[in-house]
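Novice: structure of the sequence below:
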Amino acid sequence: MSKRLIGIDIAPEIMRIAIAEQGKQGFVLRSFAQRTAATNEQRAMAIAELLGNLESSDRVAAALPACAGYQRRLSLPFSDPKKLASVLRYELDSQVPQDISDAVLVHSKAVRKDDNLFEVQTIAVPREKIIDFLAPFEQSGAVLATLDISPAPFVMAYAEKNAQSLILSLTETEACLCACNGTEILEFRTIAKALQLEAPTLHPLLLRELEQLARQHELDNPALKLIGSGITQALQSFMDEHSDWSATVPELFCEGAPLPASFLPAAALARRSDRSRGGFNFRTGEFALQSQWSGLKKPLIAAALCVILSVGVFATDAYLNYARKSQKSDRLQELIHQQFRQSFPGVRNIVNAPAQMQAKLKESRERMRNLGLLGEASALSVLREISEKTPADMKVDIRNFLFDPESVRIEGTTSSFEAVNLLSAALESSELILEVQITDAKMSVDGRQINFRLTLNLQPSQEQS
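Specialist: Predicted structure coming up:
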């Protein structure tokens, strides 16, 4: 009997499913469907409706968005798995802006780059995001065997094995742009909620990012592949007209009909559900499937019998103590949940109250920092300073504003290169700003304005004005 390969693509408001079969004819798409599902309860109902009763041979795969975690290529002087497991978390923690001590970490095999260094692709995703993503599968009873992360499944499915390519995945969640050499990801970039931008703004932005990737990695006439719900004929025509590449939507057929671009991510995940294709899987550690522990059943049963025989004399007393402690534990757990609901009434799904409370407190501290309530330079204070220091007669349009406590990056447009220099000089006079660097300034395609990027290094330990 052919086994079913099932890919599930989850967006904020919509869930798409592609079902294929792997048999003598290879990978064959059999059906696809989508449902409106904005909550975990609705997603659980949609999964149960579309998948029905899963057989033991069925394989289900899904993927977290790329922006859900931190992905880095780490270079280390060794490849021993035990050494890698002991240092990768600390090495990655030094390169990302957030604490990852509670994150789930996966990594690729070490690949030798030269005589002294090995390269390891390492990814960390916060526990809370995995818990929330798995919730509808737990509620529906469907077994999600593979939980990967974008863009790896899409590259494995649609990149050309022996050629250079660019892959643009444009979905309701994010735009993910990849530069690939075969199925190796050279670099990728993400733009969160890109589809909220209008086409006249979005299309040039995507083209500009793709051109930068191609230039940076010296891609020679790469193929441009477009997948996702945001792919339109207008976008494909824009890429064909304004670039040297031929923009194509990969052709897949289901029962003789071409598969829409919006279902190509789900089809790629259906391919990924075949474990022989490799990749990353966050179903590990505490999130591992029960079947992965089946090999431990016999030694655990033997150990349990030894324990029961050795402590049989004290069984009754132990049971009574356990019952009393269990009642106390249940009461404490109830009080914790009650306190959590009072503190955070908007949270419905409580899985691990202490961990979730820590995450909420961390989120609150970040909001206070952005509002300048922690005695540090805040996003609002810096934005106000930029507004006040910008000359009144200068026309400046700030498109992107990226803030952290040490530096700020702004991207925008203005009328001339001289205006960029004047803006830089004006901002350097601020007491909040230590240094201003012009990291990019170039004329737009139509020659009417200057696109610029500034990096503002903030004064250390600056009090909020």
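Novice: what's the longest helix along the chain packed up against?
Specialist: What stands out as the longest helix in the chain, according to DSSP state H, is helix 315-343. Judged by 3 or more Cβ pairs under 8 Å, 6 or more residues apart in numbering; DSSP states H and E, helix 315-343 is in contact with helix 353-370. For every residue, glycine as well, the C-beta is placed using N, CA and C.
Novice: buried residues, the helix or strand following the helix it packs on. List them.
Specialist: The element immediately downstream of helix 353-370 (helix or strand, assigned by DSSP states H and E) is helix 379-389. Residues of helix 379-389 classed as buried by neighbour count (16 or more other Cβ atoms under 10 Å): 379, 381-382, 385-386, 389.
Novice: what's the answer for stretch 272-292, then?
Specialist: 272-274, 279-283, 287.
Novice: may I have it exported as PDB, CA atoms only?
Specialist: Extracted in PDB, the C-alpha atoms of stretch 272-292 (Å, rounded to 0.1, in the frame of the first residue of the first chain):
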ATOM      1  CA  ARG A 272       9.800  16.900   3.500                       C
ATOM      2  CA  SER A 273       7.600  14.400   5.500                       C
ATOM      3  CA  ASP A 274       9.600  11.600   3.800                       C
ATOM      4  CA  ARG A 275      12.300  11.100   6.400                       C
ATOM      5  CA  SER A 276      14.800   9.900   3.900                       C
ATOM      6  CA  ARG A 277      15.100  13.500   2.500                       C
ATOM      7  CA  GLY A 278      16.900  14.800   5.700                       C
ATOM      8  CA  GLY A 279      16.600  18.300   7.100                       C
ATOM      9  CA  PHE A 280      15.900  19.700  10.600                       C
ATOM     10  CA  ASN A 281      13.300  18.400  13.000                       C
ATOM     11  CA  PHE A 282      12.300  20.100  16.200                       C
ATOM     12  CA  ARG A 283      10.400  17.000  17.400                       C
ATOM     13  CA  THR A 284      13.300  16.300  19.800                       C
ATOM     14  CA  GLY A 285      13.900  16.200  23.500                       C
ATOM     15  CA  GLU A 286      10.700  17.000  25.400                       C
ATOM     16  CA  PHE A 287       8.900  17.400  22.000                       C
ATOM     17  CA  ALA A 288      10.000  14.000  20.700                       C
ATOM     18  CA  LEU A 289       7.300  11.500  19.600                       C
ATOM     19  CA  GLN A 290       6.500   8.700  22.000                       C
ATOM     20  CA  SER A 291       7.600   6.200  19.400                       C
ATOM     21  CA  GLN A 292      11.100   7.400  19.700                       C
END
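Novice: before we move on, back to that, pLDDT check: weakest of the buried residues of stretch 272-292?
Specialist: Of all the buried residues of stretch 272-292, Gly279 carries the smallest pLDDT score, 79.
Novice: picking up where we left off before, want to throw the buried residues of helix 379-389 into a markdown table with pLDDT and distance to Thr173?
Specialist: Putting those into a markdown table (pLDDT from 0 to 100; distance: Cβ to Cβ, whole Å) gives the following:
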| residue | pLDDT | distance to Thr173 |
| --- | --- | --- |
| Ala379 | 79 | 23 |
| Ser381 | 83 | 31 |
| Val382 | 85 | 28 |
| Glu385 | 86 | 33 |
| Ile386 | 88 | 30 |
| Lys389 | 87 | 36 |
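Novice: fine by me, thanks again.
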